[in-house]
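Asks: here's a sequence, model it:
(chains A and B, ligands or ions: 1)
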Amino acid sequence: MNTTRLLCCLGYILLAPFIGGLLDGIDRKLSARMQGRTGPSILQPFYDIIKLFHKQIFLVNHSQFFLVGSYLVFVIFSGALMFAGYDLLMSFFALTTAAMFLVLASCSTHSPFSAMASQRELLQMMSYEPMVLLACVGFYLATGSFQVSDIIQSNLSPIVFLPGFFIGFVYILTIKMRKSPFDISTAHHAHQEMVRGVTTEMVGSLYAITQIAEWYENVMLLGIVALFFINGNPISWPLAILGVLFVYFLETLIDNTTARLKWSKVLSSAWLVTLLFGGLNLLVLDLMIKYR
Amino acid sequence: MAKLNRSPWLLHYDGSSCNGCDIEVLACLTPVYDVERFGVVNTGNPLHADILLITGGINSQNQAVVQQIYSQMPNPKVVVAVGACACTGGIFKECYNIHGGVDTTIPVDIYVPGCAARPESIIDGVVKAVGVFQEKYEKYVSENKERKRSS
Ligand code: SF4
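Replies: Sure thing, here's the model as predicted:
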């Protein structure tokens, strides 16, 4: 058991940036196709990263490297915890810490754009955090454990008990992945409001590190999506992969068909969805457990 | 030596252009011309840009701005002057407030002629700029090595 844990953990640390980068490339290609363009090569994100590592670097202050590095380390840590099958709650707390480091890194630069974007990043965290915690609770109620290794051994896929949680989680995934209606703190597209948001002052390799951290984070979040589908039966694994790919396609579609919202709409809509889908599902689940 | 010519990120600055060239620059991003297939990203951030694309000439008010944007771009960097105005001052050359082309303020690597410059020639200019970008990178690396050796 311990060797599988170690292997999964190592597999995540080594492979996640490649999978994340490839997914990013597919996303860009798909987006281009949706807009009637040819689009760049699927490997484009890797070319970008290589270039960024070779550019000259301007450091605004010395803590920047430490903070951005900590962001990467904590994202990897949280993903490794999850893929090694440990506590889901713990892993999400580590992810929140990582996000805090990004905000700190962006704040430390004194650029007005970064400052404004860090406030928005905090608002985004406020919007998605309740649903993230609820999802953990949902997994616990559905399977009786916070441990990922137990969750994947359950008799029925958690999504059977957690359809509302799933909808809520996919909704906040759009915020987490910085996709279009919710890309208020920084966006992947040219049409920005605040230069480059939280990454405005991150030059060359610093920016590359944030990109890699984002790929790690995306793979981890998609892992959570897969967790909704996986059960003790091995057939559920390919199904889970299909589910993940579908969700990723959906995110790209949403990204290309919606316009950016104001921060108040982001917050209120995320909480509404959390309350409506997550809350109702929680209530039903609770009643089911009581009267079983 | 790494190959950097697959990922040129552009920064577009509108000097005192009549907006004709700007529309053509934006046309390059549309499905018809689609510069993203060369890996070009239109970034709004000088700190992330590799190629500075300037339309329109330099006037008394934007001179300092152009200088600042240029100095904010990390090395290696390339400047492309798009349109007659950016190359020489063009039709506005004799105006009281116009200093002339972009090269009156910062070093220009590629001149794209035309009034307005056609999207095809802009893309051509960008592709040439990408070549210069790779050259400059190689020079930048060897200079860095020399500096390290001497210190
Ligand atoms: S070159 Fe012609 S089209 Fe371009 S900015 Fe000058 S006047 Fe306008």
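
Asks: can you show me the strands along chain B?
Replies: B:9-14, B:41-42, B:51-55, B:58-59, B:78-82, B:98-100, B:110-112 (DSSP state E).

Asks: quick one: which of those strands is nearest A:Trp271?
Replies: When these are compared by CB to CB, strand B:41-42 sits nearest A:Trp271, at 33.7 Å. Placement of C-beta: from N, CA and C, glycine included.

Asks: partners of the closest one in the sheet?
Replies: strand B:9-14 (parallel) (DSSP bridges).

Asks: same question for the partner strand: list its buried residues.
Replies: Within strand B:9-14, the residues that count as buried by 16 or more other CB atoms under 10 Å in any protein chain shown are B:Trp9, B:Leu10, B:Leu11, B:His12, B:Tyr13.

Asks: thinking again about what came up before, tabulate the strands of chain B (CSV), appending distance to A:Tyr248 and mean pLDDT.
Replies: Shown next, in CSV, are the strands of chain B (distance: least, CB to CB, whole Å; pLDDT from 0 to 100):
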stretch, distance to A:Tyr248, mean pLDDT
strand B:9-14, 25, 90
strand B:41-42, 21, 85
strand B:51-55, 31, 92
strand B:58-59, 46, 91
strand B:78-82, 35, 93
strand B:98-100, 51, 89
strand B:110-112, 39, 93
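
Asks: who wins for proximity to A:Asn218 among these?
Replies: A:Asn218 lies closest to strand B:41-42 among the strands of chain B, at 18.9 Å (CB to CB).

Asks: can you list contacts of the closest one?
Replies: Identification of contacts with strand B:41-42 by CB atoms under 8 Å, 6 or more residues apart in numbering or on different chains yields A:Asp48, A:Ala190, B:Ser7, B:Trp9, B:Leu10, B:His12, B:Leu29.

Asks: ok, so of those residues, who is nearest B:Asn59?
Replies: Checking those one by one against B:Asn59 (CB to CB), the nearest turns out to be B:His12, at 17.5 Å.

Asks: please name the nearest non-neighbouring residue to that closest one.
Replies: B:Leu53 (4.8 Å; CB to CB, 6 or more residues apart in numbering or on different chains).

Asks: list the contacts of the one you found.
Replies: Here B:Leu53 is in contact with B:Leu10, B:Leu11, B:His12, B:Tyr13, B:Val25, B:Val80, B:Val82, B:Ile122, B:Val126 (CB under 8 Å, 6+ apart).

Asks: give me that answer again for 6 Å
Replies: By CB atoms under 6 Å, 6 or more residues apart in numbering or on different chains, the residues touching B:Leu53 are B:Leu10, B:His12, B:Val80, B:Val82.

Asks: quick revisit: tell me the two of the buried residues of strand B:9-14 that are most distant?
Replies: Across these, the longest distance by CB to CB is 13.8 Å; it joins B:Trp9 and B:Tyr13.

Asks: and stretch B:2-22, anywhere near the ligand?
Replies: Yes - Stretch B:2-22 is in contact with the ligand by CB under 6 Å from any ligand atom, via B:Ser17, B:Cys18, B:Gly20, B:Cys21.

Asks: quick one: that stretch to chain centroid distance?
Replies: Centroid separation for stretch B:2-22 versus its chain: 5 Å, with CA atoms, centre = their mean, to the nearest Å.

Asks: got the end-to-end distance for it?
Replies: 32 Å (CA to CA, to the nearest Å).
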